[in-house]
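A.B. asks: Need coordinates for the following:
(2 chains)
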Amino acid sequence: MSTSAAGHQQASHAPIEAMGHGSMKSYLVGFGLAALLTAGPFWLVMTGVLGSVPATIAAIFLMAGVQMIVHVVCFLHVNRSAEGGWTLVALIFTSVLLLILIVGSLWIMYHLNSNMMPMSAGGNGGLL
Amino acid sequence: MANDLSGVLMAPRPPFHLIDEDGHAHGPGGATMLGFWIYLMSDALIFATLFAVFGVLSTSYAGGPTPRQIFELPLVALNTSMLLVSSITYGFAMLAMDRGSTKGTQAWLLVTALFGAAFVGIELHEFAGMIAEGATPERSAFLSAFFTLVGTHGAHVTFGLVWIGVMVTQVQQHGLIPENRRRLLCLSLFWHFLDIIWIGVFTFVYLLGVLR
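C.D. replies: As a prediction, the model looks like this:
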């Protein structure tokens, strides 16, 4: 409301610059971390160095989660101030829906499979 | 008298006019960027449903090939690095745009498209190899879900490549005008978003599939 005529030029650029923009440093830091967090899980799975499948699964999921956060922060530049915080709110809302959808589906179908076990003993067993 | 009357009648108009002007003072792109972000979030939900379907069906082999038999991790690692490198080269295109360098922006966009095309090419090569071995989408529920999820991601990258081509032409024709900057920022979000989806794909589909 109080945007003055003098500030008009800057104000009109502010929403564009608020999102998707980064510095050379943020891109390089993001790329370095992403490369490590990509090479890590491939190395763990291809060498089987942990020796335990559940531990390897936990490690690769942990690294995937961290890498997604790195990409969102360093490449997408989502933060509390971008678009007045609405991008962050939309992202958190979507993440919650996404987790409910994926974890909920797996959980329900796993239990259905468990209950159906006597009928489909030779068929598709459990998940994960 | 007539002047007085018109003065009274006209008096309320300027404030409304000013408010209307002020509503448009946010410049081009503000609402577009948020709108595009919300589109990406809805796209994320499409991928979430496909991930859920794949998760549920990922062990329904129907006597057909298992992930361990058909996935080649070195090829997937190569593909992953293509997409990751294309992400940072798109970042360099954005930095060139900030410097106002038309040529730099175009050059980095083309480099990005090259890595993106390599990604799609390797993926198609992988699909062709699997289909040649009989691991077709209709072979089992696992393969149907696999081709749907990974194919949807590949289709997104392909449309991203078309979009990059359009933007290189647009920048050539009109330069780095505010509209093109806005479009390049939307494309930037789209491209980085696809890389994030791919993190889920290589972890949840390929690495987890080989571990099982």
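A.B. asks: What helix or strand is the residue nearest to A:L76 when sequence neighbours are not counted located in?
C.D. replies: Distances taken as C-beta to C-beta, 6 or more residues apart in numbering or on different chains place B:H192 nearest to A:L76, at 5.2 Å, with adjacent residues excluded. Quick note: C-beta positions are derived from backbone N, CA and C, even for glycine. Under the criterion of DSSP states H and E, B:H192 resides in helix B:178-201.
A.B. asks: average pLDDT across the next helix-or-strand element following that helix?
C.D. replies: The C-terminal neighbour of helix B:178-201 among helices and strands, as given by DSSP H and E, is helix B:208-211. The predicted model gives helix B:208-211 an average pLDDT of 94.
A.B. asks: buried set for the helix holding B:H192?
C.D. replies: B:180-201 (16 or more other C-beta atoms under 10 Å in any protein chain shown).
A.B. asks: And the residue lying closest to B:L45 once chain neighbours are set aside, how far from B:E133?
C.D. replies: Leaving aside its sequence neighbours, B:L45 sits nearest to A:L97 (C-beta to C-beta, 6+ apart; 6.2 Å). In this structure, A:L97 and B:E133 are separated by 37 Å, where distance is defined by C-beta to C-beta, to the nearest Å.
A.B. asks: circling back: which other helices and strands contact the helix holding B:H192?
C.D. replies: When contacts are defined as 3 or more C-beta pairs under 8 Å, 6 or more residues apart in numbering or on different chains; DSSP states H and E, helix B:178-201 sits against helix A:8-17, helix A:53-74, helix B:30-57, helix B:73-99, helix B:102-132, helix B:141-174.
A.B. asks: 7 Å - rerun?
C.D. replies: helix A:8-17, helix A:53-74, helix B:30-57, helix B:73-99, helix B:141-174 (3 or more C-beta pairs under 7 Å, 6 or more residues apart in numbering or on different chains; DSSP states H and E).
A.B. asks: so who does the closest residue to B:S87 other than its chain neighbours touch?
C.D. replies: With C-beta to C-beta, 6+ apart as the measure, B:D195 is the residue that lies nearest to B:S87, at 4.6 Å, once sequence neighbours are left out. With contacts defined as C-beta atoms under 7 Å, 6 or more residues apart in numbering or on different chains, the neighbours of B:D195 are A:H71, B:L83, B:L84, B:S87.
A.B. asks: By mean pLDDT, point me to the weakest helix or strand of chain B.
C.D. replies: Least confident element among the helices and strands of chain B, by mean pLDDT, DSSP states H and E: helix B:13-23 (a mean of 45).
A.B. asks: Kindly indicate whether A:G51 is helix, strand or coil.
C.D. replies: Assigned state for A:G51: coil (three-state reduction, DSSP: H, G, I helix; E, B strand; the rest coil).
A.B. asks: State the phi and psi torsions of it.
C.D. replies: Torsion angles at A:G51 (phi, psi; degrees, to the nearest 10) stand at phi 80, psi -10.
A.B. asks: re earlier: right, and the residue nearest to B:L45 touches B:I46 too?
C.D. replies: No. No contact is recorded between A:L97 and B:I46 when judged using C-beta atoms under 7 Å, the distance being 11.7 Å.
A.B. asks: The worst-scoring helix or strand of chain A on mean pLDDT: what's the following helix or strand?
C.D. replies: Of all the helices and strands that make up chain A, helix A:8-17 has the lowest average by mean pLDDT, DSSP H and E, namely a mean of 41. Past helix A:8-17, further along toward the C-terminus, the next helix or strand under DSSP H and E is helix A:24-47.
A.B. asks: List the buried residues for that following helix?
C.D. replies: Judged by neighbour count using 16+ other C-beta under 10 Å, the buried positions of helix A:24-47 are A:27, A:30-31, A:33-35, A:37-38, A:40-42, A:44-45.
A.B. asks: Pull the residues that contact stretch B:142-152.
C.D. replies: So stretch B:142-152 is in contact with B:50-51, B:53-54, B:57-61, B:64, B:135-138, B:201, B:205, going by C-beta under 7 Å, 6+ apart.
A.B. asks: quick one: A:F42 from B:T112, how far?
C.D. replies: A:F42 is 23 Å from B:T112, by C-beta to C-beta.
A.B. asks: ok, now B:L184?
C.D. replies: Taken as C-beta to C-beta, the span from B:L184 to B:T112 is 11 Å.
A.B. asks: Residue ranges in chain B under the pLDDT threshold?
C.D. replies: Of all residues in chain B, those with pLDDT under 70 make up the ranges B:1-30.
A.B. asks: Identify the residue nearest the residue most central in space within it in space, chain neighbours excluded?
C.D. replies: The residue at the geometric middle of chain B, judged as the C-alpha nearest the mean C-alpha position with C-alpha atoms, centre = their mean, is B:F190 (3.0 Å). Computed as C-beta to C-beta, 6+ apart, the closest residue to B:F190 that is not its neighbour in sequence is B:G160, at 5.9 Å.
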